[in-house]
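[1] sharing a model that was predicted from the sequence below.
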Amino acid sequence: MRKCFAEFLGTYLLVLFGLGAVHSAVLTGSQSGLWQVAIVWGLAIMIAIYAVGAVSGAHINPAMTIALALWGRFSWRSVVPYVASQLVGALAAAATLFVLFGPLLDAKELEHSVVRGKPGSEVTAMCYGEYFPSPGPLFNSPGPYTQEAHDRHNRLVSECTAFLAEMLGTAVLALVVFAVTDERNTAGPTGRFAPVFIGLTVAGLISFIAPLTQACFNPARDFGPRLFAYFAGWGPIAVPGCQGTGFVTVYILAPVVGAAVGAGVYELLLRGRHRAVATGEGVT
């Protein structure tokens with residue numbers, strides 16, 4: 001139970017800081033450029049890992065939990081409790097932010113003449129669930145929502161492209177996580193700096209993938225807040241969203257597949273080499 005609470009708390013902190021930055025950027029324009037949001041997500045990961053890592057390992061991501069179990073670093077019987085704790089933590093953080101930013105959410109929808117739960121209310125739903133392409137550019141300029149502009153914008157990124165972007169981003173993240181936490185990796189960060197490099201990796205990935213998919217890499221980060229948004233008035237705009245099955249394929253399946261692939265690349269192609277270097281095998 002202590003480990004599950006740690007996963008709940010770690011995911012809560014991650015989503016509270018990360019989605020808090022998204023709320024701030026979307027609703028107030030207080031973040032200047034994508035990098036500011038990206039680095040807050042990176043800091044959120046660092047904070048969460050340092051806070052709970054010694055208790056639960058700080059997976060704070062169902063894709064990472066499944067990848068760790070798949071490659072023998074975690075017990076399969078603990079996967080469901082961990083994932084459930086992560087989802088509840090993400091949902092609780094979304095509820096907290098909804099209370100804090102409620103009036104600003106209303107004002108943003110009024111500015112763009114959209115009704116929550118109707119087409120166009122992605123302008124605020126994007127603070128919780130994610131969409132491809134990111135609705136940000138569509139709503140950044142003042143003025144009312146139009147269906148024509150919305151349809152044109154949504155054709156910029158296909159479901160296949162979004163799936164590939166999320167899978168690639170999560171694969172890179174998993175590769176880095178497995179590498180920097182491997183004690184035999186002599187090129188890895190010394191001391192307790194692994195969370196710093198994991199956080200910076202996420203910030204870097206967000207910097208170029210976010211315009212395409214809002215950069216999820218974490219099914220709990222998307223589905224927990226998305227589920228909250230469904231019951232908070234966004235309804236079908238949150239679940240399933242305007243891309244139909246895309247919220248499942250892009251934001252749940254792609255991160256799980258990507259994490260498994262990235263971890264597999266490390267385990268099968270790199271980890272053995274670290275062992276050989278550490279023992280002096282094959283070194284001339």
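    Cool, the structure landed. Numbers count the residues shown, from 1 in each chain.
[2] and the nearest residue to Leu205 once chain neighbours are set aside, what element?
    On the basis of C-beta to C-beta, 6 or more residues apart in numbering, the spatially nearest residue to Leu205 that is not a chain neighbour turns out to be Gly169, at 4.6 Å. For glycine as for every other residue, the C-beta is placed from the backbone atoms N, C-alpha and C. Secondary structure assigned from DSSP states H and E places Gly169 in helix 159-180.
[3] and that helix, what does it pack onto?
    In terms of contact count using 3 or more C-beta pairs under 8 Å, 6 or more residues apart in numbering; DSSP states H and E, helix 159-180 is assigned the packing partners helix 62-70, helix 194-213, helix 254-265.
[4] which of the ones you listed is buried the deepest?
    helix 62-70 (a mean of 25; mean count of other C-beta atoms under 10 Å).
[5] list of residues touching that one?
    Outside helix 62-70, the residues within contact range by C-beta atoms under 8 Å, 6 or more residues apart in numbering are 57, 59, 74-76, 78-79, 82-83, 86-87, 170, 173-174, 177, 217-220, 255-256, 258-260, 262-263.
[6] which ones are touching Glu130?
    Thr213, Gln214, Ala215, Cys216, Asp222, Arg226, Phe247, Tyr251.
[7] so the third one: helix, strand or coil?
    In other words, Ala215. Classification of Ala215 into helix, strand or coil gives coil, according to DSSP: H, G, I helix; E, B strand; the rest coil.
[8] can you give me the neighbour number for it?
    26 (other C-beta atoms under 10 Å).
[9] touching, it and Thr170? I think so.
    No - no contact is recorded between Ala215 and Thr170 when judged using C-beta atoms under 8 Å, the distance being 9.9 Å.
[10] chain center to stretch 237-248: distance?
    Using C-alpha atoms, centre = their mean, to the nearest Å, we find the averaged C-alpha position of stretch 237-248 to lie 16 Å away from the chain's own average C-alpha position.
[11] okay, buried residues for that stretch please.
    Ile237, Ala238, Val239, Gly241, Cys242, Gln243, Gly246, Phe247, Val248 (16 or more other C-beta atoms under 10 Å).
[12] from those residues, which land in helices?
    With DSSP state H as the criterion, helices contain Gly246, Phe247, Val248 from among the buried residues of stretch 237-248.
[13] and the first one, what does it touch?
    In other words, Gly246. Residues in contact with Gly246 (C-beta under 8 Å, 6+ apart) are Phe132, Glu159, Ala162, Pro240.
[14] who's in contact with Tyr131?
    Applying C-beta under 8 Å, 6+ apart to Tyr131 gives the contacts Glu122, Ala125, Thr213, Gln214, Gly241, Cys242, Gln243.
[15] do you know how far the fourth one is from Tyr131?
    Distance check for Gln214 against Tyr131: by C-beta to C-beta, to the nearest Å, it reads 6 Å.
[16] can you check the fifth one too?
    With distances defined as C-beta to C-beta, the gap from Gly241 to Tyr131 amounts to 6 Å.
[17] what's the overlap in contacts for the two?
    With the criterion set as C-beta under 8 Å, 6+ apart, the overlap between the contacts of Gly241 and Tyr131 is Ala125.
[18] hey, C-alpha coordinates of stretch 171-188 in CSV?
    In CSV, the C-alpha atoms belonging to stretch 171-188 read as follows (Å, rounded to 0.1, in the frame of the first residue of the first chain):
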residue,chain,number,x,y,z
ALA,A,171,10.9,4.6,-26.9
VAL,A,172,13.6,7.2,-26.5
LEU,A,173,12.4,8.0,-23.0
ALA,A,174,12.4,4.3,-22.0
LEU,A,175,15.9,3.8,-23.5
VAL,A,176,17.2,6.7,-21.4
VAL,A,177,15.5,5.5,-18.2
PHE,A,178,16.9,2.0,-18.6
ALA,A,179,20.4,3.4,-19.4
VAL,A,180,20.7,6.0,-16.6
THR,A,181,19.4,3.6,-13.9
ASP,A,182,21.8,0.7,-14.9
GLU,A,183,24.6,0.6,-12.4
ARG,A,184,26.8,-1.2,-14.9
ASN,A,185,26.6,1.7,-17.3
THR,A,186,29.9,3.5,-16.5
ALA,A,187,29.0,6.4,-18.8
GLY,A,188,25.8,7.0,-16.9
